[in-house]
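Chemist: missing the sequence, but the structure's below:
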């Protein structure tokens, strides 16, 4: 059991069923996360990283559905499990934090109750015990005066406090995997660091693995041990975080790195503009032939326009999907 | 209801009602008021008397056909009066603001505080029954929604570039209101007006049923039903056709209003009915 | 919370005063309205009698004095004396208040018990058979004249099947209440079904519903714990508005079923030119309507915590 991965995704395809036609929004996505590991999924909005996360926790809704591939949690195929068993995993073993803490919490229900629900659902507690545990859960995410805060409604809390509540909900049952979908994007910069620290520490203490999803390569590389970069529904590169800045192989990854401000660089001092990647992510229906990045790639050649590259294992470790990888 | 279906069905029903109303003298078999003949009293529906006859031996079909005229006149005219009042008050209140806005708001709240049928009933009590009283009573009591919409859209429009530009160009208030603001709120106003016509037809029928609107022997659908109630044991068919006529007319207007809303006022689609 | 309630109650006072003014103006100041309405259509009133009645009713006093004394007597709960029965209007209304309340609450209960679940079911399977049928029923219910529907029900259930009494209050038992309440309840039921459906459909797409699912809740629990309460806010709005509208429609239904409530008192008084009774019943209806609206607003604040602090 110990050497099998916590979660394993193989050849995942997610279809967008739009009336007559259906197209693959995500295709051939494979990765694995070990117990207690931290794994990041990076890409621009629309690259399919969020729906990949929703697929893991079984929350895809029409018009999206899993078209092919398997997701194994502790060796068991999640999609094959009966609905009740899927629900027993959801929240209990695999938990998720969403981007927008304002709308992700029910506006007409006290936050304590929204935490307590977890204990009622998965731990067989009655409401009184669950409310007591909710206070403790709120204390564990460093919310001051938790016994009073549990009675508050989401609109009475700040954005950072709300995201702490979300974390308390997600970690309430001590899950094995926490999926964090852009957990700090909607927050003030000063609060972002606090929330990330909190999340990282709590997960480290409990041995919870993290799947972090973000458009911010710097943030993800900072939090996660390994990083996968997604572009237009495919993983284009996967590496250890330590290596990715040193020696990335895919032109898209390089583009993401170049667009980050770096301490001491001319751009950070405001002398030159940050470099951006020309063009935009294509819409799902207009994915180009060949390498999907070819219209925006400076190094593209004929083969890139006709043949889709496969993921190849690099000598230095890591995977890349590019005909021209170094 | 699928998109377009309600528009087509509603439009067809309303067109039918208009057609019947306009051509009533030619469609009717007999004079709806004068042709009473006790020899033919309480005949059930047959090939001669399509919808049967009433206690006075009058042809129900002819009366229902003529009733369309009264219902549609009341529905259309009173709703026009409501729309004009509502738009005028709402537009000027939103545009000028200040004490006038407060006053109009107060008036609107007052109107909303009195159930409109009760208000209409009170006015009918003062004015006495008859077509003119009906038009006044129903025309004065159902403008508050129109007014609110007109005021709200004026408030959101008046600070937009093109309205400000018109002001800079020296257009007068009246000209700005009519040429710049009014056209931009017509969609929802027409939708509310269509639905309001339906309510007016129902209100006319209700008041006439209570004996306060159109009085017998004139063929209002409401007063026909009031007479029908007395004969429900002996001549139940009297209760069917005038009510069916009201139902189809109002159903047509409601469907038409819903259909128009999808086209003219797309933002409100997701909002509540 | 208490201050919110008090503030909300104080807000209704100007409206009540304005309504009193409108009712007074309508029946007392409009030139000749009382005198003309006291004669039945076409028949002229004897000028001497008219003169004597004017004096007796204080109609010769200046308008503001009459308004003052009207307000003063209203404040003591005195709605005047009926022209027709010589009975105090207050006691006439008091006798009829209970049947009207019975009718309205029975109708609303009928509407809620059927309309809200119908809307829920329709929303959980949008485009399904139940959805289509319930929406057709809803549009039809809204397009029907209440008294026509009542006549048809009366014919079917009372005259043909003989299950229920066709009209009257009888001993005040449930049997007498069913037909009028169902008749009155149909259009709020239709509106509630539509509103509930729209509200639930909107809420089901909300982020917090996705959060609830991510917690591992079954759809039933998602609806029970998270969708219902949010939908309730919108449903309450409709209930509040509809209770007011019911007050208006009750007039017609009471008249149809010879139900001894305020509505039929109002119609009879109008038909018989009994001005004090007309004024009194309209005022009571409006007061009821305003009270309901205030209660609904307070209920909102209880259900939706955002309102209290906004």
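Modeler: Done, it's in. The shown structure was predicted, so the numbers you read here are calculated from the model rather than taken from an experiment.
Chemist: how about low-confidence regions in the chain?
Modeler: Picked chain A for this. A:1-3, A:19-21, A:262-275, A:326 (pLDDT under 70).
Chemist: could you do chain C instead?
Modeler: C:29-60, C:307-310.
Chemist: residues from it in reach of chain A?
Modeler: C:206-208, C:210-218, C:221, C:225-226, C:229-230, C:233, C:303-306, C:309 (CB under 8 Å from any CB of the partner chain). In this view, the C-beta of every residue, glycine as well, is placed from N, C-alpha and C.
Chemist: again, only using 7 Å
Modeler: Applying CB under 7 Å from any CB of the partner chain, one finds that chain C approaches chain A through C:206-208, C:210-211, C:213-218, C:225-226, C:229-230, C:303-306.
Chemist: need phi/psi at whatever residue of the stretch 151-273 of chain B ends up closest to chain C.
Modeler: Residue nearest to chain C within the stretch 151-273 of chain B: residue B:243 (3.2 Å; CB to the nearest CB). The phi and psi values for residue B:243, taken as degrees, to the nearest 10, are phi -70, psi -40.
Chemist: excluding chain neighbours, what is closest to residue A:176?
Modeler: Leaving aside its chain neighbours, residue A:176 sits nearest to residue A:93 (5.1 Å; criterion: CB to CB, 6 or more residues apart in numbering or on different chains).
Chemist: could you look up the SS state of residue A:96?
Modeler: At residue A:96 the chain is in strand, as set by DSSP: H, G, I helix; E, B strand; the rest coil.
Chemist: quick one: contacts for it?
Modeler: A:57, A:170, A:179, A:181, C:214 (CB atoms under 7 Å, 6 or more residues apart in numbering or on different chains).
Chemist: residue C:77: what secondary structure?
Modeler: Residue C:77 - assigned by three-state DSSP - is coil.
Chemist: next SSE after the helix or strand hosting residue B:61?
Modeler: Take DSSP states H and E as the rule and residue B:61 turns out to sit in helix B:60-96. Downstream of helix B:60-96, the first helix or strand assigned by DSSP H and E is helix B:98-113.
Chemist: run through the neighbouring helices and strands of that next one.
Modeler: helix B:60-96, helix B:144-157, helix C:2-24, helix C:275-303 (3 or more CB pairs under 7 Å, 6 or more residues apart in numbering or on different chains; DSSP states H and E).
Chemist: mean neighbour count and distance to residue B:177 added to the ones you listed, as CSV?
Modeler: Formatted as CSV, these follow (neighbours: other CB atoms under 10 Å in any protein chain shown; distance: least, CB to CB, whole Å):
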stretch, mean neighbour count, distance to residue B:177
helix B:60-96, 22, 5
helix B:144-157, 21, 8
helix C:2-24, 14, 27
helix C:275-303, 20, 32
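Chemist: all helices for the chain, in order.
Modeler: Looking at chain A here, since you left the chain open. Assignment of helices within chain A using DSSP state H yields the ranges A:49-56, A:83-89, A:101-104, A:111-122, A:127-140, A:146-149, A:159-171, A:189-206, A:217-223, A:241-244, A:251-258, A:302-306.
Chemist: can you look at chain C instead?
Modeler: So, for chain C - with DSSP H - the helices run C:2-24, C:33-38, C:47-56, C:63-75, C:89-124, C:129-143, C:146-153, C:174-204, C:207-214, C:219-221, C:228-256, C:262-271, C:275-303, C:305-309.
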